[in-house]
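> let's see this in three dimensions:
(3 chains)
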Amino acid sequence: MTQDKTRFSISRRQTLMMMGAAGVTAFGPGLAGLTGAARAQDAPKGQVVVGFSQEPTVFNPHLLHIEVDEGVHYAIFDPLFDVDTEGKFYPLLATEVPTVDNGGISADGLNWKITLRDDVKWHDGTPFTAEDVKFTLELLMNPDFRSWRRTGHEHVRDLTVVSPTELTWRMDKPFAPYAAILASTFIVPKHAFEGVDPNEAPFNNAPIGTGAFKWQERVAGDHIELVANPDYFGDGPYLERVVLKYIPDMTVLYTQFKTGDIDVAALQWITPDHYEEAKGLEGRAVEIVGNAFFESLTFNMSKPQFQDLAVRQALYHALDKQAIIDALYYGVPSVTETYMPRESFYYNPDLPQHEFNIEKANAILDEAGWVRGADGIREKGGVRLAFTNSTTAGNHLREQAQQFIQQTFREVGAEMTISNLPPAVMWGDYWMMSQFDTVIVGLNVLTGPDPESSDYFMSTSAGATGGAGQNTWVYNNPEVDELLKKGAELVNPDDRKAVYLKIQEILRSDLPFLPIFQYAVIPGYKTGLQGYASNINNRIDTWNIRSWRWV
Amino acid sequence: MIRYLLSRVGQSLVLLFLVSLIGFMVLNLAPGGPLSQFALTPGMTKETLDRIAEQMGLNRPLPVQYADWLWHLVQGDWGKSFRDGRPVLTIINGHLFATLLLMGSSTLLSVVIGTWIGIRSAVRQGSAFDYIATVAAMIALSIPTFWFGLVSIFVFSLWLGWLPAGNMYTVGDGSLPDIAIHLIMPSFVLALVNVAVWSRYMRSATLDVISQDFVRTAQAKGLAPRRVLMKHIVGNAMVPMITLAGMQLPTLLGGALVTETVFTWPGMGRLFLDSLGYQDYPVVMGLLVFSAVLVLVGNLLADLLAAVVDPRIRLD
Amino acid sequence: MTHAATEALAPPARWWRTRTMRRFRRNRLAMLGVVLIVALTLACFSGPYFLPFDELYIDLRARFAPPMTGAHVFGTDPLGRDIAARLFQAGQISLLVGFSAMLMSTVLGTVIGVVAGYSGGRIGAALMRVVDAFLSFPSIFLLLALAAFVSPSPLMITVIIAVTSWMEVARIVEAEVRSLRDRDFVMAARMLGLSSVRIMFRELLPNVIGVIIVAATLTVARAILLEAYISFLGYGIQPPLPSWGNMLNGAQQYLDKAPWLAIVPGVAITLAVAGFNFIGDGLRDALDARSDLR
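Residues are numbered from 1 along each chain as shown, chains lettered A, B, ... in the order given. Got it, this is the predicted structure:
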């Protein structure tokens, strides 16, 4: 029912995600931190078929893409360093993770120095150098390139290649989350973009990386085939071939996992209703794993109904979270009071516990002066406690939850009308410009493993008021603004922790959104496959596919 | 003949223009946009989405965007998918075979079964067989194809376990027998409606032929009933059938779309729905235009073929 | 009224005594269709009053009850709502959407058909080209494209179905009107100086009402099927409002565990569509004077 059941439970002590930019002292867990000496490894053998319920289609990791595309990126490319299951950085293309202690980062967090491995080759045989890293960081800021993310990179100045294995830069301000951002910034080859429009480069459909697997072919609408890179610089690969199979239906995904047609039931995973059955399957390992997304009923705080805190509190009491989790989601996700995943070092476990209590909800509204009208719907000062609720049409479980919530809200005199929209409409201006009343949505507001979330909670980030972020609540609390600013600049993880605990506490009492649960997913794999490890810090199952092997 | 062809082609171009215009308006007047799908990606900001929309030219006035698209289309450039940047024609091409395979096998089924039922009903007009066939055809036309697919999956996959519940082949297999076994259920489901249509038309076409003088003459000459049937009736009734096949194309294509959604068949229908979900305009527009072309070409071929088979038909 | 080409138009009184109606009543299948539709309509509109359940009441403890569990004749859905209650309520929506879409598309198709048929010449030809154009295109593609992007209220769904279903009516009406255009009574009306509009809709229209009714009946069947399909895909009628189509939405997911979720609404759709098809077919035969000879 909760994380505690699973192999992937992480004790709080282990300070998952703890590393701020300058706080890194420990290096990799060994799997990729090995040098050429580790070459005496088994020859790659066998193939793994990984089932995804969405189709990876964007292979340039810096173009606009979705989660599943990263399934390919992780196999083909490497970042300078990555984050392991325990939230620790480990080096990949860099020889070591830059920290204040090892001189990679200056004490003020402004000057960075990266040393690169000298034994890395691109899949086409070209040597990998600091020029490629420089090119990648510049590509992200190239005004002609449809870069999917500039956060963090926009602060980089004076990017200098000192030698083929060393480069330095200066930040125009301290920005703690930058290490986490670099950990998901895959380095792409400069020579693949020479003389071509980076948006249209042939590379984008036949990627060349440094990773453990090489691009083989894609059968659109069906699968992608990758083969072992025998010249991989690190440990691995141990598989000859990887097939990333697109199965556009989650029931079929599970069936194929059951019959053994796919070896790993990956992204979008096994549906909760199949969990009980899946656990009993012979020769399969199935686990419930926490995910960094949280489900909430989100208010548009600029609507008159929701400006009264009493309304938000009352609706929270009228929300039967446990029933939704237990009945509709088969107890798989875990109840939460915050946006922060419980596995995080920054998670605040001391928030007030939610209580489902219709009488209490009614009492709060009565006291606040919301009076029931003839139709049973409350009203105060000419404002009816009536609103719409939207989500993506076609998300069955969420639509079921929505209808259930509608029923309990009705009991406290609030009228919630369901108005669901197709995804392309739902998440357009309707969402970004806060044109909704309420929305049920699953969000991840963090920056990779870093707790930075200014784009979501800062008052200046609301699209509806001219901001550029995704504060669709139109949430405005100067204290939170101040804390967010501080959190992004502090360097010491323990200092930062205090800040983010406080932010969570304030959000819990302001209730711009009613947290319902933290997502949990159910990956499954054949027991003969060693090395599969879910990693809440990396969004996709194949993050460590280089070390998967059959035993 | 040439004149006929020219006027048909001209007509088709007008249709294509209309279809593309309507499609474009529908897709673009709706709120939201092709980039909305990325809004919930962690770390995504409004600023990024706005910048990319600008870079991709999605902020230009709609008539400009349409003219631009049309101009490229005329030059043979169907545009690129917003999803993965691959050329639209390449993408469609990748899904074409699956759809044609499904349509082809299902047509084969419905022609064989439909012709047999139709002729038998006509020859034994008024018999119990005729009556049952009539009622069965009406019921077949009333069953929602997608639901029939669901029920078939329940019976043949989940209950009896005889056939796979979806997809075109088993992962990692894809041999001919493997594809064939995956093809059985979708093509029968798609054939259901068409069997009904074909048997009805075949029945009335055969009845028309039977009542004509030359058949009576042939019978009077003492030809065996079976030979009369085979030689005259089928031969003559087949001509309108060819035209019918052309006319049935849109229905068949529509039916294939529906069937593909239930059986996760990786064809154009599946692609269409996926692309709709992502508001991938170039692909959706490409599919609209492509299916219109497919239907038009099919119709034209059917007309020409009918004229070749039966010299009495003059095209004008 | 002039020499009616069809008998459907005989004086309004005792229309049921006409030969057309006699032929219709003799058609067992058509009568079965009438019985089906009347029974379904009655059930859907009165059924909810006899059932002890509210179609919207959620009871999570009673999810996935199989048919015949206690008072749940058809079982319950994933939220524990009574399927029978939902089925009837959904029937009201589906039948209403089907019927209204039919009305809209019939009016549209008739107007275009009459105008095209009566005007003839270039206007007529141009109009019919447009009709042909729409007919030769797989309208389900257009329907889905429309449905995916408008906000899905029952009214919008109805309109969308109507705008993709009017062509058949238009073509039939056009052919019929074209064949009547040069008849004596039209000539006479023209010589009397009646306006074109009046000739079209006062003189010609009544004479083609028979074929329109046939086409309209078949259009209801088609509209019900279309609503079911787009709602099945999730683009149609939105929950909690039930429709036969959206009751099937999500049913595929539970096919192994709760097959009744798929079976019950599908049977209802098939019955309704078959009913309208039977009636339409029967009417067509009845209007065809030759059918007496066969």
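> report the secondary structure state of the closest residue to residue A:500 other than its chain neighbours.
In space, and not counting its chain neighbours, residue A:500 is closest to residue A:346: 4.3 Å by CB to CB, 6 or more residues apart in numbering or on different chains. Using the backbone N, CA and C atoms, a C-beta is placed for each residue, glycine as well. Of the three states, residue A:346 takes coil under DSSP: H, G, I helix; E, B strand; the rest coil.
> same deal with the one 4 residues further on?
Assigned with three-state DSSP, residue A:350 falls in the coil class.
> distance check, it against chain B.
25 Å (CB to the nearest CB, to the nearest Å).
> give me phi/psi at that residue?
Main-chain torsions, residue A:350, degrees, to the nearest 10: phi -100, psi 20.
> same question, residue A:105
Main-chain dihedrals, residue A:105, degrees, to the nearest 10: phi -130, psi 140.
> what count of nearby residues applies to the residue of the stretch 1-150 of chain C found nearest chain B?
Evaluated by CB to the nearest CB, the stretch 1-150 of chain C has residue C:149 as its residue closest to chain B, separated by 3.2 Å. Residue C:149 is flanked by 22 other residues according to other CB atoms under 10 Å in any protein chain shown.
> distance of it relative to residue C:235?
9 Å (CB to CB, to the nearest Å).
> what do you get for residue B:303?
Counting by CB to CB - residue B:303 and residue C:235 are separated by 35 Å.
> just residue A:317 next, same as before
35 Å.
> between these two, tell me which one has more neighbours.
Of the pair residue A:317 and residue C:235, residue C:235 is the one with more neighbours under other CB under 10 Å, namely 29 against 22.
> where does pLDDT dip in the chain?
Just so you know, I chose chain A. Within chain A, the ranges that satisfy pLDDT under 70 run A:1-41.
> hmm, no, I was thinking of chain B.
Scanning chain B for pLDDT under 70 picks out B:1, B:171-172, B:213-216, B:219, B:222-230, B:232-234, B:310-316.
> domain-wise, how is chain B divided?
B:2-74, B:89-269 (automatic domain parsing).
> which of the three states applies to residue A:168?
Per three-state DSSP, residue A:168 ends up strand.
> how about it: what's its closest non-neighbour residue?
Here the residue nearest residue A:168, using CB to CB, 6+ apart, is residue A:113, at 4.8 Å.
> what helix or strand is the one you found on?
According to DSSP states H and E, residue A:113 maps onto strand A:111-115.
> next helix or strand past that strand?
Next element after strand A:111-115 (DSSP H and E): helix A:130-141.
> center of chain B - which residue?
residue B:253 (1.3 Å; CA atoms, centre = their mean).
> what helices or strands is the strand holding residue A:113 leaning on?
Counting contacts by 3 or more CB pairs under 8 Å, 6 or more residues apart in numbering or on different chains; DSSP states H and E, strand A:111-115 packs against strand A:166-171.
> now the strand it packs on - C-alpha only, CSV.
The C-alpha coordinates for strand A:166-171 follow below in CSV (Å, rounded to 0.1, in the frame of the first residue of the first chain):
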residue,chain,number,x,y,z
GLU,A,166,38.6,20.7,-19.6
LEU,A,167,36.1,23.6,-19.7
THR,A,168,35.1,26.4,-17.4
TRP,A,169,32.3,28.9,-17.0
ARG,A,170,31.0,31.5,-14.7
MET,A,171,27.4,31.8,-13.4
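> mind listing what's buried in the one helix or strand residue B:89 maps to?
Assigned by DSSP H and E, residue B:89 belongs to helix B:88-123. Within helix B:88-123, the residues scored as buried using 16 or more other CB atoms under 10 Å in any protein chain shown are B:88-89, B:91-92, B:94-96, B:98-99, B:101-103, B:105-107, B:109-111, B:113-115, B:117-123.
> also within reach of chain A: list those from the residues you listed.
Among the buried residues of helix B:88-123, proximity to chain A is found for B:91, B:94, B:95 (CB under 8 Å from any CB of the partner chain).
> need the contact list for the last one.
Under the criterion of CB atoms under 8 Å, 6 or more residues apart in numbering or on different chains, the contact partners of residue B:95 comprise A:220, A:221, B:266, B:267, B:268, B:270, B:271.
> of the residues you listed - the most surrounded one?
residue B:268 (29 neighbours).
> quick one: the ones next to chain A among the buried residues of helix B:88-123 as JSON lines, columns for distance to residue B:40 too.
Converted to JSON lines, those look like this (distance: CB to CB, whole Å):
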{"residue": "B:91", "distance to residue B:40": "24"}
{"residue": "B:94", "distance to residue B:40": "28"}
{"residue": "B:95", "distance to residue B:40": "27"}
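> near chain A, which residues of the stretch 101-250 of chain C?
C:148, C:149, C:151, C:152, C:233, C:234, C:235, C:238, C:239, C:240, C:249, C:250.
> show me what the helix or strand harbouring residue C:126 is packed against.
Of the helices and strands defined by DSSP H and E, residue C:126 is found in helix C:121-135. Judged by 3+ CB pairs under 8 Å, 6+ apart, the packing partners of helix C:121-135 are helix B:2-29, helix C:83-119, helix C:167-180.
> what sits against the residue nearest the centre of chain C?
Closest residue to the average C-alpha location of chain C: residue C:220 at 0.6 Å, with CA atoms, centre = their mean. Each residue near residue C:220 by CB under 8 Å, 6+ apart is listed here: C:98, C:99, C:101, C:102, C:276.
> pick out the most distant pair among those.
C:101 and C:276 (12.3 Å; CB to CB).
> using CSV, write out every CA atom in the helix or strand residue A:410 falls within.
If you go by DSSP H and E, residue A:410 is part of helix A:396-411. Written as CSV, here are the backbone C-alpha positions of helix A:396-411 (Å, rounded to 0.1, in the frame of the first residue of the first chain):
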residue,chain,number,x,y,z
HIS,A,396,-10.7,6.9,-16.9
LEU,A,397,-9.5,6.7,-13.3
ARG,A,398,-9.3,10.4,-12.9
GLU,A,399,-12.8,10.8,-14.4
GLN,A,400,-14.1,8.3,-11.9
ALA,A,401,-12.4,10.1,-9.0
GLN,A,402,-13.9,13.3,-10.3
GLN,A,403,-17.4,12.0,-10.3
PHE,A,404,-16.9,10.6,-6.8
ILE,A,405,-15.6,14.0,-5.6
GLN,A,406,-18.6,15.7,-7.1
GLN,A,407,-20.8,13.6,-4.9
THR,A,408,-19.1,14.4,-1.6
PHE,A,409,-18.8,18.1,-2.5
ARG,A,410,-22.5,18.2,-3.1
GLU,A,411,-23.0,17.1,0.5
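> go through that helix and flag the buried ones.
A:396-409.
> around chain B, pick out the residues from the stretch 251-400 of chain A.
Applying CB under 8 Å from any CB, one finds that the stretch 251-400 of chain A approaches chain B through A:252, A:255, A:256, A:261, A:262, A:292.
> can you rerun that using 10 Å?
A:251-252, A:255-256, A:259-263, A:292-293, A:392, A:394 (CB under 10 Å from any CB of the partner chain).
> in terms of pLDDT, where does the closest residue to chain A within the stretch 101-250 of chain C sit?
Nearest to chain A in the stretch 101-250 of chain C, going by CB to the nearest CB, is residue C:234, at a distance of 3.7 Å. Residue C:234 carries a pLDDT value of 80.
> residue C:14 too?
61.
> measure how buried residue A:178 is and give me the count.
Neighbours around residue A:178, by other CB under 10 Å: 25.
> low-confidence regions, the stretch 1-150 of chain C specifically.
C:1-17, C:136.
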